[in-house]
Every structure is written in structure tokens, then in C-alpha cells.
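Engineer: kindly generate the corresponding structure for this input.
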Amino acid sequence: MNMKSGKVAAVAALLLAQPYAWAADSVDEAREALQTKEDDATEEKNLEEVFQAAEKQYSLLPSGQMSLNFSTNYNYYRDDRIDIALDEDSGNISRFRIEQDAQHSFSSSLSFDYGIWNNLTFNTRLPVSYKYDTEKDVSQAALGDVSFSLRYQPFPVRPGAMNTTLYTTLSTPTGDSPYDINVNSEVSSGSGFYSLGGGVSMSKVVDPVVLYGSLGYSMAFDVTGLNQRRGSDILEEVNPGDSINFSMGLAYALSYEVSLSASYQQSYNFDTEFFFDGGRVARSEDSTSSVVNTSIGLRTSKNRIINFSFGFGLTEDSPDVLLGLSMPIDFSGLKPGA
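Structural biologist: From the prediction side, this is the model:
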């Protein structure tokens, strides 16, 4: 009798313990699922932070928040020019040589962003440039063209959805104009004209990368009242050509500290018209600039990612080599300390 009672008690204890075992297994599974979801969310957030640090024009700031970013760039242009001289009597070539014309351009800029609303961010950019022309043996440091822009997101940002940003930019001719300088002894630091542009930028997280692209159009305003001597003529007016630009690329987080991005950028510029005294009109050809750019981001703290970039041009009108460095600047009242 006692033996039977012992067996019944053992079976009862086993049956009573079974639901607790099932409950423990369910809790472990739920915990693992939650941890996986949190890890995925953390990776996606890290990927978006990496992308936004490299491509500022695709991101916005919350209302009332400010940020300051410093960037410095180096561009190298090189052209081969053929110098030919003919003998007036015989018509034979008396001189034939190929000359190399190179220009080194260093520029630094401060970019300030302010979140007007959660879906509207204001930006202004203050550039300073230094250029050296090897053919003219001329160098000059000067202020570049200051620009102002607005970025607007018409739709709420949802995880996994396409992120759309509309933008508009006004560029002012605060730099030294190429139409106001002595072309033989000076180099310009600006475009020389006002321009107003706009476009759309789109991005989407496709784990494990962020895909992005943009399309824009810029309208250039005429420059009048120049009265600048160019050879034997007087340049009176310039009608700069408008431009169409687009870009596409991807960003990938190799780890929490290291990221990589690659992009292709192209700009098509319509012809520019030059009006001289006496009614003479000259036109420049359309030009296309294409650049492939890669960037490596290093996270030095929770709130700071430093980006190093390298690029090269694919067309005659593009820089041959591009190098860049960008990083956020933190100071009291702007951003939380890194």
C-alpha cells in the first residue's frame, strides 16, 4: 500500500512540474526572440546613424536641435595642353610640346543645421578655399560661396519604409567671381552667380545596407554689368547654364565602430553664353562631371562619427582626385557631449 502511494505521489509531482517546465521553456524562447528583435533594431539604428553621418542631406534634426559639422577637402585637376607654333614662311611646325596644367584646390567649410520642425531642417554652409595653379604659378585663399538650404520630409519616417526628403538650396556669389578677376594672375574661389536648386532624396534600409539616391535641378541667374576686358573685347554679361544632377550609393556597417559607403555622382551642365560689347556672343560647350566616391566612417564615441573619403573623376570636367574629411563639432548649447 505504501509502495503504491509512493508511485502515485511521484506521478502527481511529475505532472504538476510539467507545466512549470513548459512555462520555463516558453519564457526562454520569448526572451531569445525579444533579444533578437532588440539586436536587429540596434543594428538598423547603427546603420542609419552611419548613413546619416556620411550623407547629411538625407537626414533631419528634431525640432529645436542644432548641430555643427566641419569638413575639409582636396581636389586635384590636371590637363594636358598641346602648344604648337607654325613657321610663317614655310608653314612647317616650328614648335610642338605638351604642357601639363594642374590645379590644387583645398577647401574647408562649417555647416550649421537647425531643426525648425521635426520634419523641416535649415542649413547654412560657410566655405573657405585655397587654390594653387601650377601653370600660372598663382595661389589664393578666399571665402567661397555661402549657401542656405531647407530639407523637408513630407511623410512620417517608418522603420523599413522608403524615406523621402525634399530639398531646396540657394547659393550666393560671396566668393571671388571668375568674371571679375585677372585670369592671368588670379584664381577664383566662387561661381560668380546666384543659383537656386531643388530636388528629392530617397533612402531605404535593406538589411544589411542602406540604399540611397537623389535627383535635382539647379537654375543659374544671369550676371550683368561686368565690363571686364577679355583680350580685345569687353565682357558685359554672362548667362550661366542650368544643371541637372543625380547620385546613388549604399552604406554598410562593418561593425559598430567601422562603416563603409560608396556612391556615384553625376552633374550635367548646359552651355554658358558670354555677351561682349559690339554684340558678339560666345558659347561654351555642355559639360558632364562624373565622380565615384568611397567613404570610411570611424565611430570615436556614441555621438561622433568621423568620415574619410576618397574619390576620382570619370570625365574631363571632373577632378582627377578627391580627398575629404568630415566630423561633427560639439560644444555647449549645441549638442550633448560625446
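Engineer: so which bits of stretch 207-224 are buried?
Structural biologist: Val209, Val210, Tyr212, Gly213, Ser214, Gly216, Ser218, Ala220, Val223 (16 or more other CB atoms under 10 Å). No exception for glycine: its C-beta is placed from N, CA and C like everyone else's.
Engineer: so what's the last one bridging to?
Structural biologist: Applying DSSP bridges to Val223 gives these bridge partners: Val238.
Engineer: before we move on, what about the third one?
Structural biologist: For Tyr212, the beta-bridge partners under DSSP bridges are Ser203, Gly249.
Engineer: wait, it sits on Tyr58?
Structural biologist: Yes. Shown here, Tyr212 and Tyr58 form a contact pair, counting by CB atoms under 8 Å, at 5.9 Å.
Engineer: now the closest residue to Tyr77 other than its chain neighbours: which helix or strand?
Structural biologist: In space, and not counting its chain neighbours, Tyr77 is closest to Gln103: 4.4 Å by CB to CB, 6 or more residues apart in numbering. Using DSSP states H and E, Gln103 sits within strand 93-117.
Engineer: the helix or strand that contains Tyr264 packs against which elements?
Structural biologist: Using DSSP H and E, Tyr264 sits in strand 258-269. With contacts defined as 3 or more CB pairs under 8 Å, 6 or more residues apart in numbering; DSSP states H and E, strand 258-269 has these neighbours: helix 2-54, strand 243-253, strand 287-301.
Engineer: just want the angle from that strand to strand 287-301.
Structural biologist: If you take axes from the mean of the first three to the mean of the last three CA atoms, to 10 degrees, strand 258-269 sits at 160 degrees to strand 287-301.
Engineer: what would strand 258-269 look like as PDB? C-alpha coordinates only.
Structural biologist: The C-alpha atoms that make up strand 258-269 are tabulated as PDB, following Å, rounded to 0.1, in the frame of the first residue of the first chain:
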ATOM      1  CA  VAL A 258      33.600  51.000 -38.600                       C
ATOM      2  CA  SER A 259      31.400  51.700 -41.600                       C
ATOM      3  CA  LEU A 260      31.800  51.900 -45.400                       C
ATOM      4  CA  SER A 261      29.900  53.700 -48.100                       C
ATOM      5  CA  ALA A 262      30.200  54.100 -51.800                       C
ATOM      6  CA  SER A 263      28.500  56.500 -54.200                       C
ATOM      7  CA  TYR A 264      28.300  57.700 -57.800                       C
ATOM      8  CA  GLN A 265      27.600  61.300 -58.600                       C
ATOM      9  CA  GLN A 266      26.900  63.000 -61.900                       C
ATOM     10  CA  SER A 267      26.200  66.500 -63.000                       C
ATOM     11  CA  TYR A 268      25.200  67.800 -66.400                       C
ATOM     12  CA  ASN A 269      25.800  71.500 -67.100                       C
END
